Structures are given as C-alpha cells and as structure tokens.
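Asker: return a 3D structure for these sequence lines:
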Amino acid sequence: MAVRNIPLKFDANVDFINSFTFLVSKKSQSLVIFLNGEYENKIAVSSVSKTSWKKTHNSLKEELESKAVSNDHINLILDTLDNNGEVILSNIDGNSNDTSRMSDNPYEDREMSKEWVVTEIDKAKEENKNISFEDWRDGLLKRHAILKQVTERHFPHAWDGIDFTLSVLRILNIDECTLPFAGIILARSGGNKTLSSGMLIPLPYVYYTRKFTAKAFVSHNTAVTAKDLEKIDMLPKIRFKMLLTPELAPIFSANEDELLETIGIITSVLDGKGYTSDSGAHGQRGYFGNYMFVWVGATVDIPYRVHKLLSSLGPKLYCFRLPHIDPSDEEVEYGMNEKFEAKRREVQEAIINYLVWFETCPLLMEDPETRLPKIKWDSSRDDPAARKHVVKLVRLLGKLRCHVEIWSQRQPGAHEYSEYGYAIPNPEDPTRAATSLYNLTRGCALKLGRFYITIEDIHLAIKVALSTASQERIAVLDLLIKKKGGAITISTIANALSMSKSTALKTMTELEAVGIAALETVSVGGNDTKQIQLQNEFNWLYQEEFLKLRGDYSPVDQSKYDMEYLKDPKIEAFWSKYGELEVASGNGIVDDKKLNELLNESSGIFTGPIEIEILIKKMIQSGEICHGIQGYSRGKSKTISDNEGAKEEGV
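Answerer: The predicted structure follows:
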C-alpha cells in the first residue's frame with residue numbers, strides 16, 4: 001500500500017501521541033496509524049470520507065476500539081485528528097503543496113483562515129489609521145446593512161441568529177465587562193441555528209468545537225502527565241474569546257448524574273473567575289482570575305429537566321429561540337438550489353468585511369490584560385426608557401424560568417388533569433440577570449457603532465426574555481399576551497398548542513405558582529373548568545409600547561391559535577360588535593338580543609342566524625364569554641371552591 005506521511009500541524013507534546021506514526025493512503029482513501037509503544041505496533045486503518053468528517057471520525061473510533069485502545073487514548077487521538085482534519089483531507093485530495101499555512105480547524109474555510117483575517121484587520125487598520133469616528137460609524141452601518149441584505153436574500157430566516165451572535169461577540173469589546181454571557185440558539189431541525197453561528201469561525205477571537213465535555217474545561221485525564229494537562233485544558237483556550245458550539249444536544253441528553261455534574265461545572269465556569277477541581281489522579285488543578293468569555297451554542301430545544309437543574313444550580317444560560325416561521329413554497333424551492341455553498345460564502349464574506357471594518361474604530365484601545373480592543377462605555381447617555389425595559393424584562397425572566405415543585409391532587413374518579421398543588425417558589429435575585437441582559441443590549445448597540453443604549457437595542461433582550469424557559473411556559477405566556485388581558489381556558493390552550501390537557505394544566509399551575517398568572521375555576525357551558533389570566537404586574541406585555549418593540553417575533557408555533565381566534569373575520573366581527581355594546585352598557589354586560597341583532601347586520605360575514613348561534617356557543621364553550629341572566633360578560637366567572645373539584649367541559 002503506497003502511503004506518505006501526513007504533515008500534521010499539531011503541537012503534540014503528549015508523549016504517547018508523539019510515539020504514533022500517522023500516514024495517509026491516497027489510493028485507498030484511508031488513514032493509517034501505527035500504534036507504537038504499549039499497543040505492540042498494531043496498525044489501525046480507517047476510511048476517510050471527503051464529504052462527512054463525522055463519518056471519518058466514527059469510522060476511526062470503531063477501528064481503534066477493535067484494536068483495544070483505551071477510551072482515554074481514543075479521545076486524544078480523535079481530538080488530534082479533528083484539529084488536523086483539513087490537512088488530512090487536503091492530502092487525500094492531493095492538492096496540498098504547502099500545508100504549513102493550513103488551518104488547525106477542520107471546519108474552517110480553506111481560503112478564509114484566521115491568519116488571513118488577522119492580515120486583513122492589520123491592513124484595514126493601517127489604511128484607516130486617521131479615520132474619524134463619524135466616518136468609521138458611517139462605514140460600519142453601511143457594511144451592516146449590506147450584510148443584512150445579503151443574508152435575507154440567500155437565507156431569509158437566518159438573520160435573527162446572526163444578529164444575536166454578532167451582538168454576543170461585541171460584549172468582548174466593552175471595557176470593564178467581566179461577566180461571561182452564554183446564549184443558546186434554539187430552533188427546529190434545519191432552522192438555520194448552526195448556519196447562524198458558524199459564519200464566525202475564521203475570526204481570531206473565536207474558539208470553535210463541535211463536541212466537548214464539561215470536564216474538558218480543566219482536565220484530570222489519567223492518560224496524560226501532569227505537565228501536559230495544561231496543553232489540553234479548554235478553559236485557557238476560551239479565555240477572552242467567543243466559544244462556538246453548534247450542537248449541544250449530546251450534553252443535554254446525558255443521564256441524570258452526568259447532567260448534574262456537567263451543569264454544575266458550566267455554572268461555575270460562567271462565574272468568570274476560573275475553575276478549580278480535585279481528583280485522586282492529579283490533586284487540585286484549575287485556574288483562578290479573570291476568565292471572561294462569551295458563548296453561543298445551538299440545539300433544537302432544552303429538555304425540561306435541564307431547566308429544572310439550571311434553576312436549582314443558578315440560571316446562567318440564556319436562550320434565544322429563532323422565530324417560528326414556516327417558509328413559503330417559493331422559499332423552499334429557492335432553497336433547493338444546489339449553490340448553497342456559494343450563497344453561504346457570500347454571506348460569510350459580508351460578515352468578515354463588517355467585522356474587519358469594526359476593528360478600525362478610532363476609539364478602540366487594546367486592553368493590556370485581555371489583549372482585546374475595548375471601548376469605554378458612556379452609561380450617562382443610555383436611554384432611561386431602555387434601561388427601565390431591561391428591569392421589567394428581568395423581573396419577568398426571574399419568574400418565568402423559576403422552578404417550582406408541583407404535584408397532582410387528583411381525586412378518585414376525577415380527570416387526571418383536574419388539579420395540581422405546588423410548593424413555595426424561590427425565584428432568582430434579579431441583579432445578575434439584569435447585568436447579563438444589559439450587556440447583551442450593550443453588545444447590540446456596539447454592533448451598530450454606539451457606546452450607549454437606545455430603545456432600538458432592546459429587541460434582543462425581549463426575545464431572550466421570552467425564550468429562556470421551557471417551551472410549554474413560553475407558549476402559554478405568548479397566548480396570554482395575545483389575549484391582551486383576557487382569560488384562556490384549558491381547552492383553548494390544549495387545542496391551540498396541540499398539547500394534552502394534563503400538560504396544559506400543569507403549565508398553567510406553574511405560571512400561577514411563580515406569580516405570572518392567576519388560575520381559577522369557572523363555569524363554562526354548565527361545566528367547571530380552569531382558566532388563566534395574566535397578573536396585573538405584567539399588563540405591560542400587551543401594551544402598545546412593548547408590542548411595537550417586540551414586532552412580529554413569535555418564539556413558538558401558534559399558527560393554529562392565530563388562524564382560529566385572531567384572523568377569522570367572523571371572530572373579528574364578533575369582538576367588534578361585542579366591544580361596542582360592552583362600552584355602551586357601562587357595566588360590562590352585553591345584552592344577548594342586541595348582540596344577535598348587530599351580528600345579523602354584519603353584511604356578507606355571516607350566512608344567517610344559525611351560524612351566529614354556533615359562533616356564540618363556541619365562544620361560551622371556550623370560555624371567551626359567559627352567559628348569565630342579564631346577558632353576556634367576558635370569560636371571568638365566579639371561582640368555584642377547590643373542594644368541589646373540577647370537570648372539563650365536553651368540547
């Protein structure tokens with residue numbers, strides 16, 4: 001088998017790695033490893049896939065396991081090859097005449113390495129060393145606009161994720177900002193979450209990894225000597241950088257014991273003061289001091305049990321759910337175009353062009369400790385209204401992600417979703433979260449060339465506050481906001497969100513327990529059921545000022561609710577006429593005969609009295625309105641005592 005040496009660009013000071021010989025076979029498209037030393041010169045041969053590094057990774061792992069290589073050694077060998085994937089592929093392709101300039105990162109573009117970006121930054125600084133702040137900001141805004149335009153043209157729904165990632169990155173450039181920020185992008189499969197963050201890989205301030213364990217921050221690997229451990233510790237590598245992890249599902253899907261340990265380590269690292277740990281193999285190891293970094297990860301969703309652990313250990317992770325948007329047929333067809341890589345590269349070039357220009361800011365000064373370009377923040381110019389919104393959002397967030405123990409109080413013969421009890425909640429102190437959301441807002445402002453926040457910078461903090469909790473809580477809260485102070489029954493929630501009534505009531509109980517909403521038992525259509533309504537403290541969530549700032553952002557799919565309750569012209573006509581009579585009555589009671597008459601006069605909307613009767617019955621059954629002796633009133637009837645039990649209406 002004709003083979004030739006692979007010029008691995010790896011500073012392998014770990015002794016057992018240096019004892020191995022790595023070769024590549026172009027003819028068989030395979031990787032050959034001579035396992036010298038303790039493995040008695042065994043030879044491991046594994047195929048190399050040009051299109052999927054994951055297949056190469058898995059194939060080699062299986063081969064090493066078959067050769068009885070220890071798990072610790074397998075992990076270090078795989079890490080070595082992951083760091084040199086591009087070199088391996090270039091030798092397989094036979095197009096590498098000079099591998100000394102190749103990137104350490106197998107996922108980084110070959111033409112757009114970190115070294116190239118650094119060179120471009122130095123060149124831009126030299127060419128614009130006398131630029132004024134005004135001219136610099138004009139150039140920044142121009143490049144930002146081009147970036148957004150290019151992104152929305154090629155990937156219409158990826159902009160929110162890119163915008164979030166860039167804002168988190170800019171936190172690194174705020175002077176005297178030492179609190180780490182960790183943001184997790186959540187989106188359904190194929191929802192552009194990886195695309196959004198992956199564009200920043202070539203940046204020199206970015207540390208990228210597809211897979212890691214929490215123990216990698218400070219390693220106690222018994223296969224590595226004590227003097228070599230510092231070379232593989234992850235914490236020093238991410239210090240004063242952005243950590244990018246495109247897939248966190250393996251971490252969040254671990255068993256309970258591993259998950260508890262992982263969340264505990266991550267929580268400690270996110271204090272920004274370093275991390276130390278003890279083991280029988282290496283004693284106490286770790287780092288202490290200013291270990292500030294920012295982190296953007298991605299996954300489909302965070303399981304409920306993870307939210308529970310985060311709340312118990314100290315919630316320091318913030319979620320950003322990409323808007324739930326179903327692409328049009330035209331967008332799906334456009335996405336079928338095979339020029340994906342060309343489109344992706346054009347967006348990335350726009351991002352790098354924008355980021356390189358940012359480095360030319362005349363107000364940036366290199367920090368002697370972090371070696372990062374920093375800008376002095378002028379908090380005296382912050383918009384007071386924006387700061388007040390941050391405080392409101394933090395108050396909401398503290399309750400929204402607060403864990404509370406609940407349990408079923410089902411009585412014999414009653415429905416399984418009839419009643420839940422709950423313990424006293426223990427919400428977080430808002431101070432730290434306020435700092436984190438303020439820093440994110442500052443990053444959003446600095447991204448646009450400002451060193452003070454305005455009301456326009458609040459949009460990301462709003463989206464994070466409406467995202468950082470279980471999907472069920474987020475969805476029910478969003479329904480309550482859309483109701484604008486009105487009550488929603490358990491049936492409406494279950495039908496609109498396609499969840500079971502048991503889950504709906506459990507979520508409703510949680511929102512009552514943490515103080516976001518009021519839960520009560522009401523009579524609907526002659527039967528007892530549960531309904532929920534926002535507490536007055538959070539009425540600002542559906543007021544015009546906040547809704548304008550929020551825009552059309554929707555963290556979860558509520559198309560079914562929108563279609564059935566918000567966009568139906570019959571529903572709109574009903575509430576229009578109902579509102580007229582409600583105001584005229586002076587006491588909130590609507591005469592049933594007058595309502596029928598007005599609805600009958602709605603030309604072209606209803607086919608006749610029968611359709612109106614069916615609609616009114618539906619509104620009563622869903623709890624939207626109640627029918628009493630005097631007429632109709634909005635869905636808020638007298639609460640039935642808990643010991644009477646609750647029966648769900650037969651809808």
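
Asker: how about the helices in the stretch 551-651 of the chain?
Answerer: 559-561, 569-585, 592-600, 609-621 (DSSP state H, counting those that start in this stretch).

Asker: doesn't residue 318 lie inside a strand?
Answerer: Yes: assignment of residue 318 by DSSP: H, G, I helix; E, B strand; the rest coil places it within a strand.

Asker: how many neighbours does it have?
Answerer: Using other C-beta atoms under 10 Å, residue 318 is surrounded by 22 other residues. Heads up, the C-betas are built off the backbone N, CA and C, glycines and all.

Asker: that one contacts residue 463, doesn't it?
Answerer: No: Residue 318 is beyond contact range of residue 463, at 10.1 Å (criterion: C-beta atoms under 8 Å).

Asker: mean confidence for whichever strand or helix holds residue 143?
Answerer: Assigned by DSSP states H and E, residue 143 belongs to helix 133-154. Helix 133-154 comes out with an average pLDDT of 93.

Asker: quick revisit: in JSON lines: the helices of the stretch 551-651 of the chain, plus mean pLDDT.
Answerer: Formatted as JSON lines, the helices of the stretch 551-651 of the chain follow (pLDDT from 0 to 100):
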{"stretch": "helix 559-561", "mean pLDDT": "61"}
{"stretch": "helix 569-585", "mean pLDDT": "80"}
{"stretch": "helix 592-600", "mean pLDDT": "86"}
{"stretch": "helix 609-621", "mean pLDDT": "81"}
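
Asker: mind putting the ones you listed into CSV with distance to residue 469 and mean neighbour count?
Answerer: Shown next, in CSV, are these (distance: least, C-beta to C-beta, whole Å; neighbours: other C-beta atoms under 10 Å):
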stretch, distance to residue 469, mean neighbour count
helix 559-561, 19, 16
helix 569-585, 29, 16
helix 592-600, 39, 16
helix 609-621, 30, 16
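
Asker: okay, now the domains of this structure?
Answerer: Residue ranges for the domains of the chain, per automatic domain parsing: 4-93, 114-376.

Asker: and those domains, which one's lowest on average pLDDT?
Answerer: The bottom spot among the domains of the chain, by mean pLDDT, belongs to domain 4-93, with a mean of 71.

Asker: list the buried residues in stretch 479-495.
Answerer: 479-483, 486-495 (16 or more other C-beta atoms under 10 Å).

Asker: got the residue ranges for the helices in the stretch 51-200 of the chain?
Answerer: Under DSSP H, counting those that start in this stretch, the stretch 51-200 of the chain gives helices at 53-66, 71-82, 85-93, 114-127, 133-154, 159-170, 193-198.

Asker: residue 577: which of those helices is closest?
Answerer: helix 159-170 (38.2 Å; C-beta to C-beta).

Asker: dump the domains of the chain to CSV, plus distance to residue 540.
Answerer: What follows is these, written out as CSV (distance: least, C-beta to C-beta, whole Å):
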stretch, distance to residue 540
domain 4-93, 47
domain 114-376, 21
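
Asker: residue 391: which of the ones you listed is closest?
Answerer: domain 114-376 (16.3 Å).

Asker: ok now that closest one, how far from the chain's centre?
Answerer: 12 Å (C-alpha atoms, centre = their mean, to the nearest Å).

Asker: how far does it stretch from start to finish?
Answerer: 27 Å (C-alpha to C-alpha, to the nearest Å).

Asker: of all the helices of the stretch 51-200 of the chain, which one is nearest residue 626?
Answerer: helix 159-170 (40.2 Å).

Asker: in strands only, show me the buried residues of stretch 479-495.
Answerer: Judged by DSSP state E, strands contain the following of the buried residues of stretch 479-495: 488-489.

Asker: what's the farthest-apart pair in the buried residues of stretch 479-495?
Answerer: 481 and 491 (19.1 Å).

Asker: sorry, back to before: right, and the helices of the stretch 51-200 of the chain - which one's nearest residue 628?
Answerer: Short answer: helix 159-170, nearest of these by C-beta to C-beta, at 46.0 Å.

Asker: what's in contact with that closest one?
Answerer: Residues from elsewhere that reach helix 159-170 (C-beta atoms under 8 Å, 6 or more residues apart in numbering): 147-148, 151-152, 181, 183, 185, 187, 192-193, 195-197, 199-200, 203, 205, 242, 294-296, 320, 322-323, 347, 351, 440, 442-444, 446-447, 460, 463.

Asker: ok, so of the buried residues of stretch 479-495, who is nearest residue 273?
Answerer: Scanning the buried residues of stretch 479-495 for proximity to residue 273, where the rule is C-beta to C-beta, the winner is residue 481, at 37.6 Å.

Asker: so residue 244: helix, strand or coil?
Answerer: Secondary structure for residue 244, judged by three-state DSSP, is strand.

Asker: the closest residue to it other than its chain neighbours - how many residues pack around it?
Answerer: Residue nearest to residue 244 in three dimensions, not counting chain neighbours: residue 208, with 4.6 Å by C-beta to C-beta, 6 or more residues apart in numbering. Look at residue 208: counted by other C-beta under 10 Å, it has 20 neighbours.
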